[in-house]
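Trainee: structure for the following, please:
(one chain, ligands or ions: 5)
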Amino acid sequence: MTEERAYLDGRAVAIEAGETILSAARRLGIEIPTLCFDARLAPHGTCRVCLVEVAGAERPHAACHTPLLAGMRVHTQSARVVELRDRVRALQLGATRPGPVDDSHPYLRIDPGACIACGACVAACDQIPGRSVYAIAGRGSHSHLVHGPGDQLAASRCVGCGACVDACPTGAITDRDRACAAPVERTTRSVCGYCGVGCEVEVRATADRVLSISGILGAPVSRGNLCIKGRYAHAYQSSAERLTEPLLRRGADFEPVGWDEAISWLGERLATIHRESGPGALAALASSRSTNEACYLLQKLFRVQLGTNNIDCCARVCHSSTAAALRITTGTAAASACFDDIERAGLIVVAGANPTEAHPVVGARILQAARRGAVLVVIDPRRTELAELADVQLQLRAGTNVALLTGIARALLDSGRVDQEYLRDRTEGLEDLRVMLQDVSVADVAAICGVDPAELERVATLLGAGAPGLFVSGLGLSELSQGVDSVIALANLAMLTGSIGRVGAGMLPLRGQNNVQGSADMGAMPDMITGYQPVTDPAVRDRAAAVWGSAPPATPGMTVTEMTAAASRGELRALWAQGEDLAQSDPYQERVLAGLRRLDLLVVQDSFMSETARFAHLVLPAAGALEQDGTFTNGERRVQRVRAAVSAPGQARPDWEAVRDVALAMGADWGYETAADVMDEVARVAPQLYGGVCFDRLDVGGLQWPCPTLDHPGSPRMHEGGFARGRGRLVPVAYIPSPEADLAEHPYRLMTGRVLDHYNVGTMTRRTPNQTLAPVDWLEMSAADAAREGIGDRETVTVQSRWGSIEAPVRISERVAEGSLFLTFHQPETHTNRLVGPGVDPTSKCPEYKLVGVRIIRRPAV
Ligand SMILES: Nc1nc2c(c(=O)[nH]1)N[C@H]1C(S)=C(S)[C@@H](COP(=O)(O)OP(=O)(O)OC[C@H]3O[C@@H](n4cnc5c(=O)[nH]c(N)nc54)[C@H](O)[C@@H]3O)O[C@H]1N2
Ligand SMILES: Nc1nc2c(c(=O)[nH]1)N[C@H]1C(S)=C(S)[C@@H](COP(=O)(O)OP(=O)(O)OC[C@H]3O[C@@H](n4cnc5c(=O)[nH]c(N)nc54)[C@H](O)[C@@H]3O)O[C@H]1N2
Ligand code: SF4
Ligand code: SF4
Ligand SMILES: [Mo]
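Mentor: Ligands and ions are numbered 1, 2, ... in the order given. Just a heads-up that it's a prediction; the model follows:
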């Protein structure tokens, strides 16, 4: 047997598959200088600073992209290569072309005078966000960097991810926030506080101010990358508008008070209302933006001290349909797959999700997987960035998912190319589904959805081609009156193709807020306590009582929309809203505001004077994501450690501490001193999922639940050895048109959702330079509709639904089809949710944000 070895500077090294000379040298601790090399990218060898000599070869080789082969003898430090490298560097520095600095982008700065045209940024922008903003023009000593129209980054396709900054070896591309003069006093590893991807971040700060944030190479989710929000949108943290003291209402005004007064006042008010009107008059919303520890304690306070299950969280208005559907079909209300399945997938279906904007780090991974050859199917009424790249996009009408997905199921079953063995061994309900599908025809479905029947058949063919699929979904399935059925219909396809519980496949709903998964896990739900255990089950209540001292009540409480409806009728008297701006984000705004006005006690715990806080009787200033200790759980069930990187402004405090102190003031016997103490109790209440989770184990990379014991490594993927509920369940579902789809008087289907630069109600991103990138909520309209209505680009129009009316500026867009409109809800002035009605999914109670019948009225010319 010939030995698989090579020699570096005379030292024998065993060959490892795929290794380059550079990686082998680094393994041995041999230093080879590099410039354009970036561990996140495929090596491109342009800068030639890593030249080495290979015995027998005439010319030196770039170590970063030359594979190490058996028998190779490499000299990394010979006089010849050392001199060559010096000359290469001197030449490159001499070859820079001074030119005007590009300061057009709020976050990045490009100085051509420091650019050596090594191409590292070209590779980074191609291989990470996939935006291809940069190119090297000219050849040899004339080569130079070009980017965007007129070399203005702000006018380019740049999404502000900062990958090029990290790749640039010379400082030609820099972060503008790094130019701040304040010295870095603390560097902290934590987790991004925006979306449910859960990228790990390194935060550099003074004692009380965040200076800059970057990704962490080797972090399991982000692999060193971030998006514009996670990396740059941190100026809100030191905004002068942060809440710094508890504020108590005195008539029309707020008066600053100390924490002691705020807490004793609140404890007394809660106790009084409880005494006067009973536990049913009180309710709470735990924040899906805050820590697990804060959510857990708030639900415990309301269940145990106040005796009500009236507790909910933002998961209700977001992915509650997904959770309900996955519970019904698989037994677990969470993703079956993990983000690492993206790179292993042969087929990816993205349904009702726009990940390159809403989950950019994951979106980029999907985009790159598709470029490398994974088959990509996009099911979305809008032409999203991923749709542009897809093998097929089914551009269905909003609200018609169930019709479309059952049509695909019918075509798939007809073709016979389903995974018979998987269906037989692992699932149940196939016959019921088959019977229901007899009434479904591809032609009818195509007509209902407005898609080409041949394209629908083509999707069935791609699904039936043999590879299991990764089914990525978002709010375009969940936030509809048929939200649960939409996700069930997708899960049916996943089971027909044998995808759930397989590597590179399964269900991957992209969870929304940084801790929306966790807030539901913690039991901020009216029907389930911590760990998805139903309150109606006596055994669950007994087990809870063993830890809590007393049992939660047996009847499920109210959901968030039920709470505001009850408040508007005077049936709910007190609401504690922790980090949820329902006045802006909940549907049917008129009723929400009526409810908030009628409450006898509204407590808002937030970092800013949100729209909801304006109605409050007491406002508690909250530390933000970068200012508190605890954990967040991301969309792949990964519990990660969050660490305070700076102190909170003024008297602002971590949410969990404030909840604890109110409970103590009300006589509870709560001994938690740290967030870790709280997590230790979570592990005892929900041992099946969190039993093995404790802070000591979360230092690097976190743990994915189910993690039942301290020696359990966590579970990247679920249902691999069989479904949590025993067998996967195929459920027949039939399309029922929403009342919002009656177009007689409201001829447009309005969808609402989000864009890259802003985050939900905008309290944070509006207080960053992102506001200059996206200053208003645009109403996206097709050119055909605009022409027919006689509306010009950027003209402000009135949008009227059955429920309310608003004004918004039109942006003529190729992303929406004729008859469809899209509007964001990021700016409070827009009042998008005046338009959205009270319709919800009957099972999950998730609002129908994704389909609103509207008409457009041109404003009279003045
Ligand atoms: N930049 C940014 N990122 C965010 C957020 C943010 O506000 N800004 N918010 C976070 C939160 S809370 C969440 S929940 C996620 C949401 O993430 P996504 O679910 O990806 O976001 P949305 O834009 O609400 O809607 C997704 C897609 O659904 C499509 N859609 C609308 N109606 C239908 C339909 O009937 N059928 C189908 N198949 N598709 C439809 C829309 O065209 C849109 O492309 O994003 C998170 N990340
Ligand atoms: N029309 C329409 N409406 C929608 C949607 C839609 O697609 N269309 N999407 C819905 C969805 S999916 C969601 S998730 C909701 C989101 O709606 P919200 O939850 O209301 O919005 P967020 O902006 O995520 O944050 C809520 C509040 O939390 C505060 N906050 C941030 N961090 C912390 C913290 O650490 N502690 C505390 N106490 N507060 C904090 C913020 O300042 C903000 O006021 O909106 C829903 N509304
Ligand atoms: S910030 Fe990201 S998208 Fe923009 S140019 Fe750099 S790599 Fe490309
Ligand atoms: S993808 Fe999500 S978690 Fe990652 S940096 Fe962006 S907002 Fe933060
Ligand atoms: Mo969400």
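
Trainee: so residue 393 sits against residue 382, correct?
Mentor: No - counting by CB atoms under 8 Å, residue 393 sits too far from residue 382 to count as a contact (9.5 Å). Quick note: C-beta positions are derived from backbone N, CA and C, even for glycine.

Trainee: please name the nearest non-neighbouring residue to the closest residue to ligand 1 within the stretch 51-200 of the chain.
Mentor: Taking CB to the nearest ligand atom, ligand 1 has its nearest neighbour within the stretch 51-200 of the chain at residue 195, 3.8 Å off. Using CB to CB, 6 or more residues apart in numbering and skipping residues adjacent in sequence, the residue nearest residue 195 is residue 359, 5.7 Å away.

Trainee: which residues does the one you found contact?
Mentor: 195, 196, 197, 353, 510, 635 (CB atoms under 8 Å, 6 or more residues apart in numbering).

Trainee: which ones among those residues lie within helices?
Mentor: Secondary structure defined by DSSP state H assigns none of the contacts of residue 359 to helices.

Trainee: could I get the residues you listed as TSV with pLDDT?
Mentor: TSV is the format used below for those (pLDDT from 0 to 100):
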residue	pLDDT
195	98
196	97
197	97
353	98
510	97
635	94
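
Trainee: could you give the mean pLDDT of stretch 794-807?
Mentor: What stretch 794-807 shows for mean pLDDT is 97.

Trainee: quick one: the strands in the stretch 751-862 of the chain?
Mentor: In order along the chain, the stretch 751-862 of the chain carries the following strands (DSSP state E, counting those that start in this stretch): 779-781, 796-801, 805-812, 820-824, 852-858.

Trainee: can you tell me which of these is most buried?
Mentor: The densest packing among those, expressed as mean neighbour count by mean count of other CB atoms under 10 Å, is seen in strand 779-781 with a mean of 26.

Trainee: which elements pack onto it?
Mentor: The criterion is 3 or more CB pairs under 8 Å, 6 or more residues apart in numbering; DSSP states H and E, and the helices and strands that strand 779-781 contacts are strand 805-812, strand 820-824.

Trainee: can you give me the neighbour number for the closest residue to ligand 2 within the chain?
Mentor: Relative to ligand 2, the nearest point of the chain is residue 579 (2.5 Å; CB to the nearest ligand atom). Number of residues near residue 579 (other CB atoms under 10 Å) recorded here: 29.

Trainee: so it touches residue 289, yeah?
Mentor: Yes - using CB under 8 Å, residue 579 makes contact with residue 289 at a distance of 4.5 Å.

Trainee: can you list the residues of the chain near ligand 5?
Mentor: Taking CB under 5 Å from the ion as the criterion, the chain approaches ligand 5 at residues 318, 512.

Trainee: show me which residues of the chain sit near ligand 3.
Mentor: Within reach of ligand 3 by CB under 6 Å from any ligand atom, the chain has these residues: 108, 124-125, 129, 131, 133, 158-164.

Trainee: for ligand 5, state which of those is nearest.
Mentor: Using CB to the ion, residue 159 is the member of the residues of the chain next to ligand 3 that sits closest to ligand 5, with 20.5 Å.

Trainee: name the SS class of the closest one, please.
Mentor: In three-state terms, and counting by DSSP: H, G, I helix; E, B strand; the rest coil, residue 159 is coil.

Trainee: any idea how far it lies from residue 195?
Mentor: In this structure, residue 159 and residue 195 are 14 Å apart, going by CB to CB, to the nearest Å.

Trainee: pLDDT weak spots in the stretch 451-600 of the chain?
Mentor: Low-confidence segments of the stretch 451-600 of the chain, defined by pLDDT under 70, are absent; every residue clears the threshold.

Trainee: quick one: the strands in it, in order.
Mentor: If you assign secondary structure with DSSP E, counting those that start in this stretch, the strands in the stretch 451-600 of the chain sit at 469-473, 506-509, 528-529, 533-534, 574-578.

Trainee: dump the helices and strands packed on strand 779-781 into a markdown table; add distance to residue 246 as well.
Mentor: Supplementary listing: the helices and strands packed on strand 779-781 in a markdown table, determined by distance: least, CB to CB, whole Å:
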| stretch | distance to residue 246 |
| --- | --- |
| strand 805-812 | 34 |
| strand 820-824 | 32 |
